[in-house]
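>>> model this:
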Amino acid sequence: MDQGASSAPSPEPVVSRRVQRHGTNPDAEPSPWKDDAVASEVPVALVFNGLSHAVMMATPADLEAFALGFALSEGLIDTPADCRGIEVFARNAPQGGGGGGGTACEVHLDIAPRCFARLKERRRALAGRTGCGLCGIDSLQALDLVPERVTPRPWATDLPAATVLRPVSAMPALQVMNAAAGALHAAAWATPQGELTDLLEDVGRHNALDKLIGRLALQGRSGADGFVVMSSRASYELVRKCARLDIPLLATVSAPTSLAVDLAAEAGMALWGLCRPPRAVRYAPLPADG
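Okay, here's the model as predicted:
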């Protein structure tokens, strides 16, 4: 992290770009060029106790929640109390920095010493590896796909499809940025009764989930009963993040991958996909003897 980096105005989550609309008739004249809304995508550096850990491409909104959610869902801190402070800075991006008018963001987190020591140890373990595998690992033997087990909740196991689909139906009205610009995923929180209470948006589905996790943490609601609904497909990363936060149910508008299904079963998490009212698909848990 460059402490001398020059400051810049905070980037907007939705920006204007020139567009020209074309129809299906090849003989028709295209529409005139005009301004239209486009979702911002800017580099966001996550800095822990002065050490830059990751740079993510994200929508520049709800960045405090994003950083805290990332720290929790990636296991960098154990509880929200392990984060003692968060500051967001806008910087001039390097030449050709792109979205947001050449602006980047830095989010600085002050975390507990034991968590920072663990973070530095993790970085040392990855240093010097030359393999180009998953997330910096260099062999299949180093691949960890064992999710945490979620706490069993009968309500999550027995939740009817109508209750799962209720927040899905409520999502579009709250996807304000996606309505304006398109291209944004949504992650929403619903109560066990299916009431949608929170919705966060980002160009990245993982970022949207981290923002949601961070929002709950900032409001002191981590560990509350509820489930996650997402506008995206279900990937194994989303399942891992939810399992780490002890979230017992994940429902997505699109289909899951096979690894997402398998990890959700291993974690004891209820997984729903293709949630498009009035239909939804629930994926089977592991057999009782498995």
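>>> just give the nearest non-adjacent residue to Ala264, would you?
Leu271 (3.9 Å; Cβ to Cβ, 6 or more residues apart in numbering). The C-beta positions use only the backbone N, C-alpha and C, and glycine is treated the same way.
>>> the bottom helix or strand of this protein by mean pLDDT?
One helix or strand of the chain scores below all others by mean pLDDT, DSSP states H and E: helix 99-102, with a mean of 56.
>>> next SSE after it?
Counting by DSSP states H and E, the next helix or strand C-terminal to helix 99-102 is strand 103-111.
>>> quick one: buried residues of that next one?
103-109, 111 (16 or more other Cβ atoms under 10 Å).
>>> who does it pair up with?
Here strand 103-111 is paired, per DSSP bridges, with strand 42-48 (parallel), strand 83-92 (antiparallel).
>>> buried deepest among those strands, which one?
Most buried of the strands paired with strand 103-111 by mean neighbour count (mean count of other Cβ atoms under 10 Å) is strand 42-48; its value is a mean of 22.
>>> which strands and helices sit next to whatever helix or strand comes next after that strand?
Once strand 42-48 ends, the next helix or strand along the chain (criterion: DSSP H and E) is strand 51-58. Packing contacts for strand 51-58, counted by 3 or more Cβ pairs under 8 Å, 6 or more residues apart in numbering; DSSP states H and E, involve strand 42-48, helix 63-73, helix 113-126.
>>> winner for burial among those?
Here the criterion is mean neighbour count by mean count of other Cβ under 10 Å, and of the helices and strands packed on strand 51-58 the winner is helix 63-73, at a mean of 26.
>>> just want the angle from it to strand 83-92.
Interaxial angle, helix 63-73 versus strand 83-92 (axes from the mean of the first three to the mean of the last three Cα atoms, to 10 degrees): 130 degrees.
>>> what about helix 63-73, distance to the chain center?
Here helix 63-73 is found 9 Å from its chain centre; the criterion is Cα atoms, centre = their mean, to the nearest Å.
>>> with stretch 12-25 instead?
Relative to its chain's centre, stretch 12-25 lies at 26 Å (Cα atoms, centre = their mean).
>>> report the buried residues of it.
The neighbour-count check on stretch 12-25 (16+ other Cβ under 10 Å) flags 13-15 as buried.
>>> also stretch 165-175?
By 16+ other Cβ under 10 Å, the buried positions in stretch 165-175 come out as 165-168, 170-171, 174-175.
>>> pull it out as PDB, backbone CA atoms only.
Taking Å, rounded to 0.1, in the frame of the first residue of the first chain, the C-alpha atoms of stretch 165-175 are listed here in PDB:
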ATOM      1  CA  LEU A 165     -39.400 -18.100  -3.100                       C
ATOM      2  CA  ARG A 166     -41.000 -15.200  -1.100                       C
ATOM      3  CA  PRO A 167     -37.800 -13.200  -0.800                       C
ATOM      4  CA  VAL A 168     -36.800 -14.100  -4.400                       C
ATOM      5  CA  SER A 169     -40.000 -12.400  -5.600                       C
ATOM      6  CA  ALA A 170     -39.200  -9.400  -3.500                       C
ATOM      7  CA  MET A 171     -35.600  -8.900  -4.700                       C
ATOM      8  CA  PRO A 172     -36.100  -7.100  -8.100                       C
ATOM      9  CA  ALA A 173     -37.800  -4.100  -6.400                       C
ATOM     10  CA  LEU A 174     -34.700  -3.600  -4.200                       C
ATOM     11  CA  GLN A 175     -32.100  -4.100  -7.000                       C
END
